[in-house]
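Asks: The sequence and its predicted three-dimensional model are supplied below.
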Amino acid sequence: APIRSGGMIEITEAESRDIDYLNDRVQIYYQLKVGSDWLEWPLGVFLLASPGRITDGRAVSRHIEIYDKLLILNQDILDASYTVESGTKVTSAIKTAIQEAGEDAIAITESDEALSSSRTWPPGTTRLQVVNDLLDSINYFALWVGGRGNYRAEPYVLPAQRLVKWTFADDREGLYLPDIFLDVDYFKVPNKVVLTVSNPELEVPLLVVATNEDPASPFSYQSRGRWIVDYRAEEEATSEEVLLAKAQRVMAEASQVTEIVSYQHAWVPLNLHDAVRFRNEMLGVSEKYTVSEQIVSLRPGKLVSSKVRRVVS
């Protein structure tokens with residue numbers, strides 16, 4: 001999704017009297033009392049929108065939609081062509097694009113990769129799309145906003161190589177409810193990914209092929225006896241090495257969606273794409289997954305609804 005996180009806040013109209021809905025921002029924290037001490041984790045900085053008013057005949061309350069700061073870049077639509085010249089360091093171009101939207105809380109992991117040719121976006125393109133296109137060209141995760149409101153992006157890491165941030169187990173100290181939904185869809189998983197890039201400055205278009213020929217994999221050519229191909233024409237890759245990494249990423253992500261576990265659990269400090277270990281004896285599951293979705297209630301003591309996707313090697 002272009003906007004990675006958002007939600008709804010309900011407050012009384014009296015409490016909302018001094019709020020500037022056009023310009024104020026909300027910082028949300030999760031607090032946990034341990035003994036006499038309070039531990040605290042920032043959950044994000046959000047913009048306010050659509051403050052609808054509701055009354056029950058006794059009082060008036062406001063239901064306020066909130067969106068993370070990606071909304072700023074998504075609403076900043078180009079009114080003229082936007083060009084980044086060949087040879088420009090990509091992470092520098094990304095920072096410039098964000099700063100041009102009036103934002104300076106930026107925490108982008110540096111890369112030495114530079115554009116191999118000039119890139120131009122037409123009027124009507126969102127600034128967020130420009131940034132994400134640039135990130136994709138160097139095989140980074142899409143832009144997201146951290147808990148303290150910084151714009152963040154890091155190099156893409158294959159799910160199998162990510163460190164496990166938390167283990168959910170069905171034991172005496174388990175943090176999840178026994179009601180679990182496991183969904184599996186293996187039908188469309190590719191075993192060959194072909195990526196091409198056409199560039200006027202290159203005599204021969206870049207083309208790379210990534211295949212799954214592991215006999216131990218249920219999706220491989222050896223296991224299925226036929227090729228299932230995902231063919232994509234990419235707009236940009238700064239080098240053949242980056243393009244091959246993107247092909248391997250497409251293969252990994254296509255396999256990743258084959259198994260999804262939905263469950264409810266106590267809150268723990270996790271972000272999207274974090275790796276977790278999930279164990280459940282009744283389902284016969286003890287695997288590594290990545291977090292794909294979380295719904296967090298702001299009411300004390302409420303559980304988190306999560307979806308995690310299985311990493312398939």
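Replies: Structure received. All figures in this text were calculated on a predicted structure; none of them were measured in a lab.
Asks: Compute the distance between residue 83 and residue 234, please.
Replies: The spacing between residue 83 and residue 234, counted by C-beta to C-beta, to the nearest Å, is 19 Å. C-beta coordinates here come from the backbone N, C-alpha and C atoms, glycine included.
Asks: remind me, longest helix of the chain?
Replies: Longest helix in the chain, counting residues (DSSP state H): helix 240-256.
Asks: Grab the CA positions of that helix and hand them over as CSV.
Replies: Extracted C-alpha coordinates of helix 240-256, given in CSV (Å, rounded to 0.1, in the frame of the first residue of the first chain):
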residue,chain,number,x,y,z
GLU,A,240,23.3,-6.1,-13.8
GLU,A,241,24.1,-7.1,-10.2
VAL,A,242,21.2,-5.0,-8.9
LEU,A,243,18.9,-6.5,-11.5
LEU,A,244,19.8,-10.0,-10.6
ALA,A,245,19.2,-9.2,-6.9
LYS,A,246,15.8,-7.9,-7.8
ALA,A,247,15.0,-11.1,-9.7
GLN,A,248,16.0,-13.1,-6.7
ARG,A,249,13.8,-10.8,-4.6
VAL,A,250,10.8,-11.3,-6.9
MET,A,251,11.3,-15.1,-6.6
ALA,A,252,11.5,-14.9,-2.8
GLU,A,253,8.5,-12.6,-2.4
ALA,A,254,6.3,-14.7,-4.8
SER,A,255,7.1,-17.8,-2.7
GLN,A,256,6.6,-15.8,0.5
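Asks: Flag every buried residue along the first helix or strand past that helix going along the chain.
Replies: Using DSSP states H and E, the helix or strand that directly follows helix 240-256 along the chain is strand 259-265. By 16 or more other C-beta atoms under 10 Å, the buried positions in strand 259-265 come out as 259-261, 263-265.
Asks: before we move on, the earlier item: with neighbour numbers in mind, choose between residue 83 and residue 234.
Replies: residue 234 (18 against 11; other C-beta atoms under 10 Å).
Asks: want to throw the buried residues of strand 259-265 into CSV with pLDDT and distance to residue 95?
Replies: Shown next, in CSV, are the buried residues of strand 259-265 (pLDDT from 0 to 100; distance: C-beta to C-beta, whole Å):
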residue, pLDDT, distance to residue 95
259, 85, 37
260, 91, 35
261, 95, 37
263, 97, 38
264, 97, 39
265, 96, 36
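Asks: Dump the residues you listed to TSV, plus distance to residue 102.
Replies: Conversion of the buried residues of strand 259-265 to TSV gives the following (distance: C-beta to C-beta, whole Å):
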residue	distance to residue 102
259	42
260	38
261	40
263	40
264	39
265	38
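Asks: Grab the CA positions of stretch 26-45 and hand them over as PDB.
Replies: Extracted in PDB, the C-alpha atoms of stretch 26-45 (Å, rounded to 0.1, in the frame of the first residue of the first chain):
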ATOM      1  CA  VAL A  26      -0.100  13.000  16.700                       C
ATOM      2  CA  GLN A  27       2.700  11.000  18.300                       C
ATOM      3  CA  ILE A  28       1.500   7.600  19.600                       C
ATOM      4  CA  TYR A  29       3.400   5.500  22.200                       C
ATOM      5  CA  TYR A  30       2.900   2.000  23.600                       C
ATOM      6  CA  GLN A  31       3.600   2.000  27.300                       C
ATOM      7  CA  LEU A  32       4.100  -1.100  29.500                       C
ATOM      8  CA  LYS A  33       4.400  -0.900  33.300                       C
ATOM      9  CA  VAL A  34       7.000  -3.300  34.700                       C
ATOM     10  CA  GLY A  35       7.100  -3.100  38.500                       C
ATOM     11  CA  SER A  36       7.200   0.600  39.300                       C
ATOM     12  CA  ASP A  37       8.800   1.500  35.900                       C
ATOM     13  CA  TRP A  38       7.200   2.400  32.600                       C
ATOM     14  CA  LEU A  39       8.700   1.100  29.400                       C
ATOM     15  CA  GLU A  40       7.800   3.000  26.200                       C
ATOM     16  CA  TRP A  41       7.900   2.400  22.500                       C
ATOM     17  CA  PRO A  42       7.000   5.000  19.800                       C
ATOM     18  CA  LEU A  43       4.400   3.700  17.300                       C
ATOM     19  CA  GLY A  44       4.500   6.500  14.900                       C
ATOM     20  CA  VAL A  45       3.800  10.200  14.000                       C
END
